[in-house]
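A.B. asks: Give me coordinates for this.
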Amino acid sequence: MTEVNPFPLVRMVDVERIAQREGEVRVEASEAERADLARFLKLPAIHSLTGEFEISGNARRAKVKGVVKGRVTQICGVSLDPFETDVEEPVDLEFAEERDNLSPEEIERRKIDPPDEILDGKIDLGAVTSEFLALGLDPYPRKPGVDFQPPREEGGEKSPFAALGKLRRDD
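C.D. replies: Coordinates of the predicted model:
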């Protein structure tokens, strides 16, 4: 089964080469890739994006550990002002090829914590970088120093419960 990476950042790593040279792989998004990914993630801008990974394993099973770092512009949920923020997200993934002849123990383990699939003998570290950037984004971004202040009516009650407080007076 071949799955298509929906992200515009693609960096395919051949798992056959992992067995030959374990080590570090760095993914750095180009300006065009960052612009495409920003549109995909509905961000005003991605200023920098890198993934630094340690890869170990073999052609059937690989471990990817590392970190994704980026600098993005988000829109403040309170003031609606754009602001820049840093994203740093740790990565710890297992990849395995899809196999039909798995042991019963492996089948049970994959039900609990399924590995990502090695597709056509490759791992897409661009997709990993994109996914972990998306995971690291604050879903309710707030510009530093901006606090939410609920609107108040002039001369009105200070709290929706203030009227209830008047009814409960024991005077």
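A.B. asks: Identify the residues contacting the spatially most central residue of the chain.
C.D. replies: In the chain, the residue lying closest to the centroid (CA atoms, centre = their mean) is Leu135, at 2.1 Å. By CB atoms under 8 Å, 6 or more residues apart in numbering, Leu135 lies in contact with Glu89. Yep, even glycine has a C-beta here, placed from its N, CA and C like the rest.
A.B. asks: what stretches of the chain score poorly on pLDDT?
C.D. replies: Low-confidence regions of the chain, defined by pLDDT under 70, span residues 1-5, 18-22, 99-103, 106-111, 113, 151-160, 162-171.
A.B. asks: one more time with 90, if that's ok
C.D. replies: Residues of the chain meeting the criterion pLDDT under 90: 1-8, 13-25, 55-62, 77-80, 94-122, 142-171.
A.B. asks: about what we covered before: state the three-state secondary structure for the residue nearest to the centre of the chain.
C.D. replies: helix (DSSP: H, G, I helix; E, B strand; the rest coil).
A.B. asks: got it, and Asp147?
C.D. replies: From three-state DSSP, the assignment for Asp147 is coil.
A.B. asks: Need the phi and psi values for it.
C.D. replies: As for Asp147, its main-chain torsions (degrees, to the nearest 10) stand at phi -120, psi 150.
A.B. asks: Then Pro115?
C.D. replies: When read as degrees, to the nearest 10, the backbone of Pro115 gives phi -80, psi 160.
A.B. asks: what residues are up against it?
C.D. replies: Contacts for Pro115 were tallied using CB under 8 Å, 6+ apart; they are Arg61, Leu93, Glu94, Phe95, Ala96.
A.B. asks: which stretches of this structure form strands?
C.D. replies: Taking DSSP state E as the criterion, the chain carries its strands at 12-14, 23-28, 45-57, 61-75, 82-97, 116-118, 122-124.
A.B. asks: what sits up against the last one?
C.D. replies: Read that as strand 122-124. Here strand 122-124 makes contact (CB under 8 Å, 6+ apart) with Asn5, Val10, Arg11, Met12, Val13, Asp14, Val15, Ile55, Ala62, Val64, Phe95, Asp116.
A.B. asks: buried ones in stretch 9-25?
C.D. replies: Leu9, Arg11, Val13, Val15, Ile18, Val25 (16 or more other CB atoms under 10 Å).
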